[in-house]
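>>> Sequence and predicted structure below; questions after.
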2 protein chains.
Amino acid sequence: MSDSKTTLTNAVHDLLRRAIIEQALKPGMRLPEDTVGEQFGVSRTIVRHALVRLENQGLVITRRNRGAFVAEPSKEEAQHVFEVRRCLENEVIRILCRRMPGSGYDQLEAHVRSEEKVKGKDGPVSIRLAGEFHVLLAELTGNDVLARYVSEVVLRCSLIMSMYARNHSSDCAVDEHSQIIEAIRAGDEQRAIDIMDHHLGAVAGRAELSPKPDSIQSILSHYGKELAQ
Amino acid sequence: MSDSKTTLTNAVHDLLRRAIIEQALKPGMRLPEDTVGEQFGVSRTIVRHALVRLENQGLVITRRNRGAFVAEPSKEEAQHVFEVRRCLENEVIRILCRRMPGSGYDQLEAHVRSEEKVKGKDGPVSIRLAGEFHVLLAELTGNDVLARYVSEVVLRCSLIMSMYARNHSSDCAVDEHSQIIEAIRAGDEQRAIDIMDHHLGAVAGRAELSPKPDSIQSILSHYGKELAQ
DNA sequence: GGCAAGTAAATTGTATCCAATTGACGAAAT
DNA sequence: ATTTCGTCAATTGGATACAATTTACTTGCC
């Protein structure tokens, strides 16, 4: 996605983001600059830049002279994120019902197929794929700004779900993804929006889950391999 | 707004942002880290962080090993920003028609009064105030995420207007701001949205304007004074 | 034993230093 | 005259070194 600028900062940024989204780094976990940098074999400078960007995206928070932590969105903040997400994704639907690019349906269906491939398993991969479906939808609008914002709120929702949802239960999600595609293909704007609202609403209304901390080194060592060029 | 964390990075960030929004730093103008840092009396490290954040907000772009420039939004990108802005501000209207905080109308009317005070002058101050009205609206929703996104798109719109608008012509804008307040107070959601759409639409449809470059030092020297603690 | 103050360790905030990349200017060859 | 290659200046990409701040522990006093 953003691999065009292949700087170290971007690499670390992507790795950390993935680690957070896939729940390897759990909410509230500390992210000391030198620990992370040591694991990835880069200097604090790089990690620092990545953390600044992650903070801007709401995935980590930094307390002055204390350091960076994986964000722990409050229920109120979660509500805010979902509200914005629904607003943005409805706009995505509206645009796509009017103009869908040529290869749009092929890409969407291909994505749903890859989602079905990991169906049943509630692992990190299915979490990531579920989110990427919505990002793909947004990208198909051709509006880069819209796509970026959708991407951000989807990522934050993934983090929120990792805190408050019992399980991501992507089983029904995949079906609803197919339904959304069909509604858009039929040009039925209202129905597509209704499905999306139900999809997001269903995802939003869940019970809580207690986080369990873990060692940072052991987690990052897995992600670090990919940086060895 | 974000003065709670009073780090140097934030200070430089705010200063540069204001300079860009007030058209002191014009689109396409270079922002060398050394030059900026020297003017503000801080190191490149600080400037660097500020520039990274400004890039995330779409106000500057950085080319690898080339440096940072004030962003020059294309017409296509401008269209994207306006599309997202309309979507977000409509949501703001919808929320405020349902629940407006107690002191909301007082704050809004006070703001309009201060806008009228500088009416006629098309200076930087009126540009900034016109944008801050919309940010204030968004903040009154109580949704921080929504407010942040609205703030970003409003800032980008200010930059866009500085490129493509003949004049900001805040004369009619102030009147429309009052109309929006009244529509919300009346609970007339649709009318408020219509006015807002017209307000943004009118702002969006303008001709082009050729930028005129200037010396960076002379511009920043003015903003730099505020950093002397 | 509990509480408070002081001190030390850890971590971030900031500055400076070196290396790598890019763009421009100029000279030489076709 | 135009194009191409090479060198150089300018600027960023990244790392290291130092300062400031916070936390935690220890020690002494009540």
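Received, thanks.
>>> In chain A, what residue comes closest to DNA strand C?
Among all residues of chain A, residue A:67 sits closest to DNA strand C, at 3.0 Å; criterion: CB to the nearest atom of the strand. Every C-beta, even on glycine, is put in place using the N, C-alpha and C of the backbone.
>>> That residue pairs with what?
Listed by DSSP bridges, the beta-bridge partners for residue A:67 are residue A:63.
>>> Let me know the distance separating it from residue A:125.
According to CB to CB, to the nearest Å, residue A:67 and residue A:125 sit 30 Å apart.
>>> again with residue A:186
From residue A:186 over to residue A:125 the distance is 30 Å, taken as CB to CB.
>>> returning to that earlier point: the residue of chain A closest to DNA strand C: neighbouring residues, count only.
By the other CB atoms under 10 Å in any protein chain shown criterion, the neighbourhood of residue A:67 contains 15 residues.
>>> Tell me which of residue A:186 and residue A:125 has more neighbours.
Relative neighbour count places residue A:125 above the other of residue A:186 and residue A:125, with 15 against 11, counting by other CB under 10 Å.
>>> in chain A, which spans are helices?
For chain A, the helices identified by DSSP state H occupy A:8-21, A:33-40, A:44-56, A:75-98, A:104-117, A:124-140, A:144-164, A:170-185, A:189-204, A:216-224, in order along the chain.
>>> Ranked by average pLDDT, which of the ones you listed falls at the bottom?
When mean pLDDT is averaged over each of the helices of chain A, helix A:216-224 scores lowest at a mean of 58.
>>> which residues touch the residue most central in space within chain A?
Most central in chain A under CA atoms, centre = their mean is residue A:155, positioned 2.6 Å from the mean C-alpha point. Taking CB atoms under 8 Å, 6 or more residues apart in numbering or on different chains as the definition of contact, the neighbours of residue A:155 are A:17, A:21, A:57, A:59, A:131.
>>> Let's see the pLDDT reported for the residue of chain A closest to DNA strand C.
What the model reports for residue A:67 is a pLDDT of 91.
>>> I'd guessed it sits against residue A:32; true?
Yes - distance between residue A:67 and residue A:32: 5.8 Å, which falls inside the contact criterion (CB atoms under 8 Å).
>>> Just give me the neighbour total for residue A:152.
Applying other CB under 10 Å, we find 21 other residues in the vicinity of residue A:152.
>>> contacting residues around it?
By CB under 8 Å, 6+ apart, the contact list for residue A:152 reads A:57-58.
>>> try it again with 7 Å
Residue A:152 makes contact with residue A:57, according to CB atoms under 7 Å, 6 or more residues apart in numbering or on different chains.
>>> Single out the most deeply packed of the helices of chain A.
Using mean count of other CB atoms under 10 Å in any protein chain shown, the stretch among the helices of chain A with the largest mean neighbour count is helix A:144-164, at a mean of 22.
>>> That helix to helix A:189-204, inter-axis angle?
30 degrees (axes from the mean of the first three to the mean of the last three CA atoms, to 10 degrees).
>>> so what's the residue of chain A found nearest DNA strand D up against?
Relative to DNA strand D, the nearest point of chain A is residue A:43 (3.1 Å; CB to the nearest atom of the strand). Under the criterion of CB under 7 Å, 6+ apart, the neighbours of residue A:43 are residue A:37.
>>> And the pLDDT for it?
pLDDT, read off for residue A:43, is 92.
>>> Now it: phi and psi?
Note on residue A:43: backbone dihedrals following degrees, to the nearest 10 are phi -80, psi 170.
>>> what sits against residue A:30?
A:67, A:69.
>>> Chain B versus that one, what's the distance?
19 Å (CB to the nearest CB, to the nearest Å).
>>> do residue A:182 as well
Using CB to the nearest CB, one obtains 24 Å as the distance from residue A:182 to chain B.
>>> Grab the nearest non-local neighbour of residue A:29.
Computed as CB to CB, 6 or more residues apart in numbering or on different chains, the closest residue to residue A:29 that is not its neighbour in sequence is residue A:70, at 4.8 Å.
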